[in-house]
Each structure stands twice: as C-alpha cells, then as structure tokens.
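Enquirer: From the sequence below, what's the structure:
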Amino acid sequence: MPKKSAGLLLYRDASGGLEVLLVHPGGPFWAQKDDGAWSIPKGEIGDGEDALTAARREFEEETGFSADGEVIPLQPLRQPSGKLIHAFAMQKDIDASRVQSNTFDMEWPPRSGKYQAFPEVDRAAWFSLAFARSKIVRGQAGFLTQLEAKLGRTPGSPTGA
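Expert: Just a heads-up that it's a prediction; the model follows:
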C-alpha cells in the first residue's frame, strides 16, 4: 500500500501579489539542489491519524511555528513515487528566517559507521506563485494551481487577480 503524507501550504498576500511558503529539505543529498527541490512542509500520516492532524503536526515539527488557523482542503496528489499527499492551504504569515526544524540521524559519509544529525528542513522562504513553480518538486506543483483556483485568482498574473 502506497504511503500517505499530509502538509500545509501557507499563503499570504504581499505587495507583489500572492506568495506561498516552501521549505528546503535538509541533509547532504539535498544540499546542492535548488530548483525542483522545495516542498510544502509535510510528512507521513500516522496510523489512525487524520490527514489534517498530521499536516498540522508535521508543519509544527518542520518549522517550529504553530499550525493554528482555518484551512482550505486541496485535492490530494499522487506523486511519481506512488505516495499520496493530502494538502491544506492556510493563510498565515510567518518569518521564514526563523524556521527551526526537528532533526533526523543518518550515516554520513556513507558506509563510514558515523552518524550525524541533520535538520529535516534547512531553510524556508516565501515565493511568488510563478517563482514557486520553478522551486517546488514536480509532483506538488498542482497544489499551487489548486490554490489559485480556490482563491479565485487568475493563474500566472503577478497580482493573482
């Protein structure tokens, strides 16, 4: 059975138009990757856990910020890996420079027998929708289109109006 994840897509109205918060995965594999590497804050749905509860938990773990607020459910998207991601949009403004993520341990360098701790998320940033489309992993780009539609915005316009 394919894994299921859930996450929050934060958005805000900025002077240049609609912006979304994306996070960059931590660890050595992602260190030199940028375009097509960013994601919504998300993680696996636990046994017996509903998608929204998981999305809020994962957001708090990966950013250090509370995940309170009203949400707009988005249509789940199947990833190329087969994983299904449930996402919820939330209007909220946070200071991306203050994101503090939980960590994970992995053997690094490979086959060295040495384990190091790495943050799940090494940074976060606000992006215009147009720029976010070049930064977000391919399988999640549909969430940006859904957000525009749910908010009644015209796709691709600088102001989103």
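
Enquirer: Is the closest residue to Asn102 other than its chain neighbours part of a helix or strand, or is it coil?
Expert: Distances taken as C-beta to C-beta, 6 or more residues apart in numbering put Glu61 closest to Asn102, at 4.7 Å, once the chain neighbours are dropped. Just so you know, the C-beta spots here come from the backbone N, C-alpha and C atoms, and that holds for glycine as well. Glu61 carries the three-state label helix when classified by DSSP: H, G, I helix; E, B strand; the rest coil.

Enquirer: Isn't Glu61 up against Ser101?
Expert: Yes. In this structure Glu61 lies within contact range of Ser101 using C-beta atoms under 8 Å: 7.2 Å.

Enquirer: Give me the neighbour count for the residue nearest to Asn102.
Expert: Applying the criterion other C-beta atoms under 10 Å, we find 15 residues in the vicinity of Glu61.

Enquirer: how about the strands in this structure?
Expert: Defined through DSSP state E, the strands belonging to the chain, from first to last, are 4-14, 17-25, 42-44, 72-73, 77-78, 84-91, 103-107, 115-119, 121-128.

Enquirer: Mind putting the ones you listed into CSV with mean neighbour count, mean pLDDT and distance to Ala141?
Expert: Conversion of these to CSV gives the following (neighbours: other C-beta atoms under 10 Å; pLDDT from 0 to 100; distance: least, C-beta to C-beta, whole Å):
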stretch, mean neighbour count, mean pLDDT, distance to Ala141
strand 4-14, 21, 96, 11
strand 17-25, 22, 96, 11
strand 42-44, 18, 96, 14
strand 72-73, 14, 98, 17
strand 77-78, 14, 98, 9
strand 84-91, 21, 98, 12
strand 103-107, 12, 92, 25
strand 115-119, 14, 92, 24
strand 121-128, 18, 97, 12
